[in-house]
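sequence below, structure please.
(one chain, ligands or ions: 2)
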Amino acid sequence: MKPTTDYQGIDSCQSILDNLATAVVLLDRELRVRYLNNAAETLLGVSAKRIGGQRLPDLLPRAEVLHQALERGLTQPQQFTKREMELPLPTTGKQITVDCTLTPLAHVNEDYALLVELQQLDRMLRIAREESLLAQQHAMKVLVRGLAHEVKNPLGGLRGAAQLLERELPNEELKEYTGIIIGEADRLQKLVDHMLGPSRRSEQQKLNIHEVLEHVRRLVLADSPPSLRIQRDYDPSIPELLGVKDQLIQAVLNIVQNARQALQDDGTIVLKTRAQRQFTIGQTRHRLVLRIDIIDNGPGIPKEMQAQVFYPMVTGRAEGTGLGLSIAQTLVGQHGGLVECKSEPGRTQFTLLLPLRDHYEGGNPQHVPH
Ligand SMILES: Nc1ncnc2c1ncn2[C@@H]1O[C@H](COP(=O)(O)OP(=O)(O)O)[C@@H](O)[C@H]1O
Ligand SMILES: [Mg+2]
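Ligands and ions are numbered 1, 2, ... in the order given. Okay, here's the model as predicted:
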């Protein structure tokens, strides 16, 4: 925290306030910023040093709801909270949603008129949603694996018995039926293997994510007409990642194949990579996270299906298995990451988030971009 005043009582609370996740701003009677903590600097995208004694309404010129609340705070003696306030930020042009609590201080201290607390809601909603997503996916995974094992065991016996029967049949025509049993048993076997996912524990290695993406791009393009375009928007400074190459290829491939099917081989897929600092996946906050966006301009995922696309067996295609995304989520999860999706007609975006930093703690600092 950088106090814009030398008031002693505030000074002594600096470290406490600076460690709060809630943004705290202190204003005087003219609504000039006299103090803001670290969380407020981050949230508003301003530096305490640089704003001097500027007025908060001038720092956030488009935040009219906040302006009204501040005026009200100056005239009434009770604390109040304005929920789900939209706050347009001038520095980034973005709009965030906050719960804003105003506490009049005039009766406590002459220098300060108002205490402003801002709690960003979007961030909390995102974390909560991811937690429940991860829990759901874990439960589904356990269920599917259990089911797959139960199906797999009797299948072998079924197939073996059909083969024996086939040999004993007096009549060639009847073999058509045993053929069907064997063929369908094989099909089920394949499906079950698919549901169980890759079984061998593969080795982790340092890898460049762009090699993974280029591999998938080549695979898909080799098998598509020229009307399908795959554009790249790579950040070449992204450090190497510790991971299992085959698994990451499979995860990305499943998502790109879906995009291609949705586009019916006519449209554009964009592969985009970025490094993101200070990002929370599930409950863990990571210093550096790799973000891969796979964006297509196809028809989008129907609204009623969006919440379930990562579940196994959920498919919108007649010949689909509904396993592609569930497997991608599992594989990325094994890397400590997460797959997210948002979709509207004309733009569907799948985002893979993979932690980078943890593998590099104490590692070679040259891998960390500046
Ligand atoms: N990029 C996309 N655009 C539109 N729909 C999609 C997209 N990706 C996935 N879907 C929908 O999600 C469903 C589930 O995908 P997936 O788990 O890979 O199973 P499958 O491809 O076997 O159907 C698809 O059937 C499709 O309806
Ligand atoms: Mg698929």
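
going forward, measure contacts and count neighbours with C-alpha atoms only.
OK.

look at Met305 and give its secondary structure.
Secondary structure state of Met305, per DSSP: H, G, I helix; E, B strand; the rest coil, is helix.

and Ile255, by the same measure?
Relying on three-state DSSP, one would call Ile255 helix.

thought it was touching Gly324?
Yes - contact criterion CA atoms under 8 Å: Ile255 and Gly324 qualify, at 7.3 Å.

the more surrounded of the two?
Gly324 (26 against 21; other CA atoms under 10 Å).

can you pull the phi/psi pair for that one?
Gly324 adopts backbone torsions of phi -50, psi -50, taken as degrees, to the nearest 10.

quick one: contacts for it?
Gly324 makes contact with 254-255, 312, according to CA atoms under 8 Å, 6 or more residues apart in numbering.

save those residues as CSV, and put in distance to Met85 too.
Putting the contacts of Gly324 into CSV (distance: CA to CA, whole Å) gives the following:
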residue, distance to Met85
Asn254, 39
Ile255, 36
Pro312, 38
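
pick out the lowest-pLDDT one from those.
Lowest pLDDT of the contacts of Gly324: Pro312, 78.

give me the neighbour count for that residue.
For Pro312, using other CA under 10 Å, the count is 19.

and the one 5 residues further on, by the same measure?
A count of neighbours around Arg317, defined by other CA under 10 Å, yields 10.

equivalent analysis for Gln283, please.
Neighbour number of Gln283 under other CA under 10 Å is 10.

ok, now Gln76?
Neighbour tally, Gln76, other CA under 10 Å: 11.

measure it to ligand 2 for me?
Using CA to the ion, to the nearest Å, Gln76 is found at 58 Å from ligand 2.

look up the closest residue to that residue, ignoring the ones flanking it.
Pro104 (7.5 Å; CA to CA, 6 or more residues apart in numbering).

got the residues of this structure near ligand 1?
254, 258-259, 262, 300-301, 309, 314-317, 320-326, 348 (CA under 6 Å from any ligand atom).

picking that back up, going by distance to ligand 2, which of the contacts of Gly324 wins?
Using CA to the ion, Asn254 comes nearest to ligand 2 of these, at 5.5 Å.

span of stretch 291-303 from start to end?
Distance across stretch 291-303, first residue to last, is 24 Å (CA to CA, to the nearest Å).

just stretch 79-93 next, same as before
In terms of CA to CA, the two terminal residues of stretch 79-93 are separated by 30 Å.

for Ala63, give its distance to Phe80.
Distance from Ala63 to Phe80, by CA to CA: 18 Å.

tell me which of these two has more neighbours.
Each of Ala63 and Phe80 has its neighbours counted (other CA under 10 Å); Ala63 has more, 19 against 15.

the more buried one reaches Leu44, doesn't it?
No - using CA under 8 Å, Ala63 is not in contact with Leu44; the gap is 11.7 Å.

which neighbours do those two have in common?
Leu89.

how does this protein divide into domains?
Structural domains annotated on the chain: 8-123, 202-367, as defined by automatic domain parsing.

what residues does the stretch 251-370 of the chain have near ligand 2?
Selection of the stretch 251-370 of the chain residues close to ligand 2 by CA under 5 Å from the ion yields 258, 324.

could I get the full set of helices for the stretch 251-370 of the chain?
303-306, 324-334, 357-360 (DSSP state H, counting those that start in this stretch).

weakest of these in terms of mean pLDDT?
When I compare those, helix 357-360 is least confident, with a mean of 51.

assign a three-state SS to Val24, would you?
Strictly by three-state DSSP, Val24 counts as strand.

can you name the residues bridging to the nearest residue to it once chain neighbours are set aside?
Spatial nearest neighbour of Val24, chain neighbours left out: Glu117 (4.7 Å); criterion: CA to CA, 6+ apart. Note on Glu117: beta-bridge partners Val24, Thr101, judged by DSSP bridges.

burial measure for Glu117, as a count.
19.

count of neighbours near Glu71?
11.

shouldn't Val25 be in contact with Tyr35?
Yes - the criterion here is CA under 8 Å, and Val25 meets it with Tyr35 at 5.8 Å.

show me the shaky parts of this protein.
Along the chain, segments meeting pLDDT under 70 span 1-13, 123-127, 129, 197-202, 357-370.

pick out the residue of it closest to ligand 2.
Closest point on the chain to ligand 2, by CA to the ion, is Gly324, at 4.2 Å.

can you tell me how far that residue sits from Tyr311?
For Gly324 relative to Tyr311 (CA to CA), the value is 10 Å.

repeat that for Ala251.
Distance from Ala251 to Tyr311, by CA to CA: 15 Å.

who has more neighbours out of these two?
Ala251 (23 against 19).

so who does that one touch?
325, 327-329, 331-332.

shouldn't Gly179 be within a helix?
Yes - counting by three-state DSSP, Gly179 is located in a helix.

could you report the neighbour count for it?
Counted with other CA under 10 Å, Gly179 comes out at 15.

check the one 5 residues further on too.
For Glu184, the neighbour count with other CA under 10 Å is 14.

any idea how far ligand 1 is from it?
19 Å (CA to the nearest ligand atom, to the nearest Å).

how far off centre is the helix ranked longest in the chain?
Ordering each helix of the chain by length in residues (DSSP state H) puts helix 121-168 first. How far helix 121-168 lies from its chain's middle: 23 Å, per CA atoms, centre = their mean, to the nearest Å.

all strands of the protein, in order?
23-27, 33-36, 80-88, 95-104, 114-120, 205-207, 228-233, 241-243, 267-281, 284-296, 338-344, 347-355 (DSSP state E).

now, of those, which is deepest in the fold?
For the strands of the chain, average neighbour numbers computed from mean count of other CA atoms under 10 Å are highest in strand 33-36, which has a mean of 24.

I appreciate the help and will end here.
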